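Visitor: Have a look at this fold, sequence not included:
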């Protein structure tokens, strides 16, 4: 059953990649995959799984427990809670972005971007995304930037290409900031890295990982983008005051910026800060439009905006993360980590290679359990080079495949980007950028 789970995961992953040729929605495949992985887990012989040792430890404190009760009332609920934090965070961020959008707040920003030259826009969007991601996080930033791209670029394939670069830039920007990515947050809170040191150690490699692809594209991308035609999202026409547009934009962006501040002050999960910010925006816009006609009020209400959220991409995220969590709970990722640790190399080359491999693996398997596994296996002191390099590799390696990071999944859902298209057009640039950043880290270590 242990090997069968690997085979089923591989087949499910392939079906997700071939979503368009198969005409099967990736959310449906992911949900089925997530369900099947746990069914296979519970159907096998518990003693044959590496996770059985964890169950034995659990029995020491809960003598009446069974393998089924441990799995359903402990491990499964714990993983569902972790996944739900990400899903509610994603839903809150997407709703805030849609509120700003329906109030034409992003038009205030895009009206100031006059250039239509592709290369100029690529640099502008990518660098803006890179630094925004460090302040917000890669998931929120990618959602905001895709909303901006819809106002700047009319052609779908051009917008897909820019959205692909947004994924690279968001993941690179999140990798060097202690609050920019889930994995850096884990390492920061866990005491493996300090905020100042991870910035100093990984800023340059992260910057290199996005600059190199941009330099390559500067010689290959030509022409201009076409701006989308100015039209209302529906036949419902509402005249919004400039002050209303500015107020919603400022409140919406402030709600997003408030999330890392909320986490730092309260130490509570980020999704609570996101939902709190959404609630404030919801109340303010409700009061703002209370004197409008009923039809206008209903159109601008958050109740209506919630219908525009892409639920299928959220369900896709749920399915794929639960499938990966099944592999983690069963012990597949632990076996993989132990296998890597037996590589016949001397330190530091051994741990450099392990980290590079983890970066590549994070494009296939969610980087959170990979980093969690490394944190459990290794006990290096704070700010050891392994933790620094792991923050970079796990953060940027996920860009290699579109479903390898939360930012990629969000953009894929919002823009309906095809997995194979991304593989052909963006993955090569991501690999070059990732390896260039690795080289930059090695050079930095050698010099300083």
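Guide: Great, that's in hand. A quick note: this is a predicted structure, and the numbers were derived from the prediction, not measured.

Visitor: Burial check on residue 229, number of neighbours?
Guide: Look at residue 229: counted by other Cβ atoms under 10 Å, it has 6 neighbours. Glycine gets a C-beta too; all of them are placed from N, C-alpha and C.

Visitor: Tell me the buried residues in stretch 349-369?
Guide: Within stretch 349-369, the residues that count as buried by 16 or more other Cβ atoms under 10 Å are 350-352, 354-369.

Visitor: Any idea how far it is from the middle of the chain?
Guide: 16 Å (Cα atoms, centre = their mean, to the nearest Å).

Visitor: which residues are in contact with that stretch?
Guide: 13, 82, 182-183, 186, 320-321, 324-325, 327-328, 333, 336, 340-341, 343, 345, 370-371, 374, 385-386, 389-390, 392-401, 404-405, 430, 434, 438, 442 (Cβ atoms under 8 Å, 6 or more residues apart in numbering).

Visitor: still on that earlier bit, which members of the buried residues of stretch 349-369 are positioned in helices?
Guide: Counted as lying in helices by DSSP state H, out of the buried residues of stretch 349-369, are 350-352, 354-361, 367-369.

Visitor: out of those residues, who's nearest residue 416?
Guide: Of all these, residue 367 has the smallest distance to residue 416: 23.8 Å, by Cβ to Cβ.

Visitor: Identify the residue spatially nearest to that closest one, adjacent ones excluded.
Guide: Leaving aside its chain neighbours, residue 367 sits nearest to residue 394 (4.3 Å; criterion: Cβ to Cβ, 6 or more residues apart in numbering).

Visitor: Let me know how buried the one you found is, in neighbour terms.
Guide: 29.

Visitor: List the buried residues in the helix or strand it falls within.
Guide: Residue 394 is part of helix 385-397, with elements assigned from DSSP states H and E. Neighbour-count burial for helix 385-397 flags 385-397 (criterion: 16+ other Cβ under 10 Å).

Visitor: same thing with stretch 115-123?
Guide: For stretch 115-123, burial by neighbour count (16+ other Cβ under 10 Å) applies to 118-119, 121-123.

Visitor: related to what we said a few turns ago, show me the residues around the residue nearest to residue 367 that make contact.
Guide: By Cβ under 8 Å, 6+ apart, the contact set of residue 394 is 175, 181, 183, 358-359, 362, 367, 370-371.

Visitor: As JSON lines, the ones in helices among the buried residues of stretch 349-369 with distance to residue 417 would be great.
Guide: JSON lines is the format used below for those (distance: Cβ to Cβ, whole Å):
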{"residue": "350", "distance to residue 417": "37"}
{"residue": "351", "distance to residue 417": "34"}
{"residue": "352", "distance to residue 417": "32"}
{"residue": "354", "distance to residue 417": "31"}
{"residue": "355", "distance to residue 417": "28"}
{"residue": "356", "distance to residue 417": "26"}
{"residue": "357", "distance to residue 417": "26"}
{"residue": "358", "distance to residue 417": "25"}
{"residue": "359", "distance to residue 417": "22"}
{"residue": "360", "distance to residue 417": "21"}
{"residue": "361", "distance to residue 417": "22"}
{"residue": "367", "distance to residue 417": "20"}
{"residue": "368", "distance to residue 417": "22"}
{"residue": "369", "distance to residue 417": "24"}
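
Visitor: Need the max-distance pair from the residues you listed.
Guide: 350 and 368 (23.6 Å).

Visitor: Identify the residues contacting the residue lying closest to residue 268 once chain neighbours are set aside.
Guide: In this structure, residue 268 finds its nearest non-sequential neighbour in residue 262, 7.1 Å apart by Cβ to Cβ, 6+ apart. Residue 262 makes contacts with 268, 270, 272-273, 276, as judged by Cβ under 8 Å, 6+ apart.

Visitor: in which helix or strand would I find residue 262?
Guide: For residue 262, the host element (DSSP H and E) is helix 242-266.

Visitor: Going by neighbour count, which residues in that helix are buried?
Guide: Buried residues in helix 242-266, counted by 16+ other Cβ under 10 Å: 244-245, 247-249, 251-253, 255-256, 258-260, 262-263.
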